[in-house]
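Student: got a predicted structure here, sequence first:
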Protein chains: 2
Amino acid sequence: MPPHKLDDIDRKILAELQADGRMTNVELAKRVGISAPPCLRRVRTLEESGYIKGYHAVVDARALNFEVQVFAMVGLQSQAEVDLSKFEAKCREWPLVRECHMLNGEVDFILKCVAPDLSTFQSFLTGELLSTENVASVKTSLVIRCAKDEPGVPFEVLEARLAQNA
Amino acid sequence: MPPHKLDDIDRKILAELQADGRMTNVELAKRVGISAPPCLRRVRTLEESGYIKGYHAVVDARALNFEVQVFAMVGLQSQAEVDLSKFEAKCREWPLVRECHMLNGEVDFILKCVAPDLSTFQSFLTGELLSTENVASVKTSLVIRCAKDEPGVPFEVLEARLAQNA
DNA sequence: ATCCTCTTGAAATGATCTTGCTTAAATGAG
DNA sequence: CTCATTTAAGCAAGATCATTTCAAGAGGAT
């Protein structure tokens, strides 16, 4: 159910819910300029057709004593599809690994990891990551601080493109 | 208002809302084992004390024609605090840059970027990023595919640690 | 022009949110 | 150990919101 042309209102809904996922439907309807029932129908449609993949609360990791965030650049020995998939499956099992992206270039994967402290991460690194078969090299970088963290789509850019094509 | 000791119920609430940020309060209350009013009070407290930093809908970037995702490793010439801050401010202004993390090691920053297509990204890269003062080097890697993307805290790990300390 | 389809908005109903109050349990001082 | 204090739970009520139903209007095709 992927196609389903979006109109301006749909995009506004997506932008609003991306900014505040707990907004009530009446508030959302008011902001996008339609009444509540059609607004709710649109939201449901956007959910069912996959434009909205879920809703999440952003929890402060540091407040929960996860002090350490690390990017790990991983190189594998074999890049055969089977081996790539095996490594990805491992990543999905490791709770400390929150993101796993396959890249082009010299590095095969980049992982974003969290841990309560450095020693916890180190034991994961040596005990799990580095001792996984097919892992050739791992280069890690500690996150000192985060200047921006806004996952999602820049709707400003999207609107600009649409205005241009009109 | 950062302190405010969390108990088991609070952690359950955080875990549930991280998994489904749009859950109704009565459903949440049922899951964590208390009635609705105290549950809502706890959620409000968690929000006000900063444990919950916000709620967001996850929008499918690809469905909105953002086909390209790139990690950019940036090195600066000067690492004086003023210059670091200047670069971070730039990143906050660039809509294509969704995340900006300062790292230790040879690379100063890692950026996660999105773009509708490669050419859009390339013009951003050459026209903006590379022509910014103080930027010494940029190495980019295209994301081929994403095997895991679960921002947030691994509550399984948190619970395991607490059980151990008990 | 007429029918068909699709979407909207108003109204109604049921569920949820939210507040104030009461009560019970936990904590500490004497 | 007892009592005062504090903290949080549950209950009940009104307000708000979600969701369904349905009639009406816009747009397209015949």
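Tutor: Here it is on my side, so go on. Numbering: from 1, shown residues only, chains lettered A, B, ... in the order given.
Student: alongside DNA strand C, which residues does chain A contribute?
Tutor: A:I9, A:I34, A:S35, A:A36, A:P37, A:P38, A:R41, A:R42 (Cβ under 7 Å from any atom of the strand). Yep, even glycine has a C-beta here, placed from its N, CA and C like the rest.
Student: buried set for the longest strand belonging to chain A?
Tutor: With DSSP state E applied, the strand covering the greatest number of residues in chain A is identified as strand A:135-149. Buried residues in strand A:135-149, counting neighbours by 16 or more other Cβ atoms under 10 Å in any protein chain shown, are found at A:V135, A:V138, A:T140, A:S141, A:V143, A:A147, A:K148.
Student: same deal with stretch A:47-67?
Tutor: Neighbour-count burial for stretch A:47-67 [16+ other Cβ under 10 Å]: A:47, A:49, A:51-52, A:55-61, A:63-64, A:66.
Student: and what of stretch A:91-102?
Tutor: Residues of stretch A:91-102 classed as buried: A:C91, A:W94, A:P95, A:L96, A:V97, A:R98, A:E99, A:C100, A:H101, A:M102 (neighbour count, 16+ other Cβ under 10 Å).
Student: make CSV out of these and add distance to B:A163.
Tutor: Converted to CSV, those look like this (distance: Cβ to Cβ, whole Å):
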residue, distance to B:A163
A:C91, 25
A:W94, 19
A:P95, 15
A:L96, 17
A:V97, 22
A:R98, 22
A:E99, 26
A:C100, 27
A:H101, 32
A:M102, 35
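Student: list the helices and strands the helix or strand of chain A with the lowest mean pLDDT packs on?
Tutor: When the helices and strands of chain A are compared on mean pLDDT, DSSP states H and E, helix A:155-164 comes out lowest with a mean of 91. With contacts defined as 3 or more Cβ pairs under 8 Å, 6 or more residues apart in numbering or on different chains; DSSP states H and E, the packing partners of helix A:155-164 are helix A:8-19.
Student: tell me the buried residues in the helix or strand following the helix it packs on?
Tutor: Read in the C-terminal direction, the helix or strand following helix A:8-19 is helix A:25-32, with elements assigned using DSSP states H and E. Using 16+ other Cβ under 10 Å as the test for burial, helix A:25-32 gives A:L28, A:A29, A:V32.
Student: what of stretch A:75-84?
Tutor: A:L76, A:L84.
Student: pLDDT weak spots in chain A?
Tutor: For chain A, applying pLDDT under 70 flags the ranges A:1-3, A:166.
Student: do that again at 80, thanks
Tutor: A:1-4, A:164-166 (pLDDT under 80).
Student: which part of chain A gets nearest to DNA strand D, residue-wise?
Tutor: Chain A approaches DNA strand D most closely through A:N25 (3.1 Å), counting by Cβ to the nearest atom of the strand.
Student: I'd guessed that residue sits against A:L40; true?
Tutor: Yes: assessed by Cβ atoms under 8 Å, A:N25 is found in contact with A:L40 at 5.0 Å.
Student: just the buried residues of strand A:135-149 that are near DNA strand D?
Tutor: The subset of these lying close to DNA strand D, counting by Cβ under 7 Å from any atom of the strand, is empty.
Student: a markdown table for these, including distance to B:S123?
Tutor: Below are the buried residues of strand A:135-149 laid out as a markdown table (distance: Cβ to Cβ, whole Å):
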| residue | distance to B:S123 |
| --- | --- |
| A:V135 | 36 |
| A:V138 | 33 |
| A:T140 | 32 |
| A:S141 | 28 |
| A:V143 | 28 |
| A:A147 | 23 |
| A:K148 | 21 |
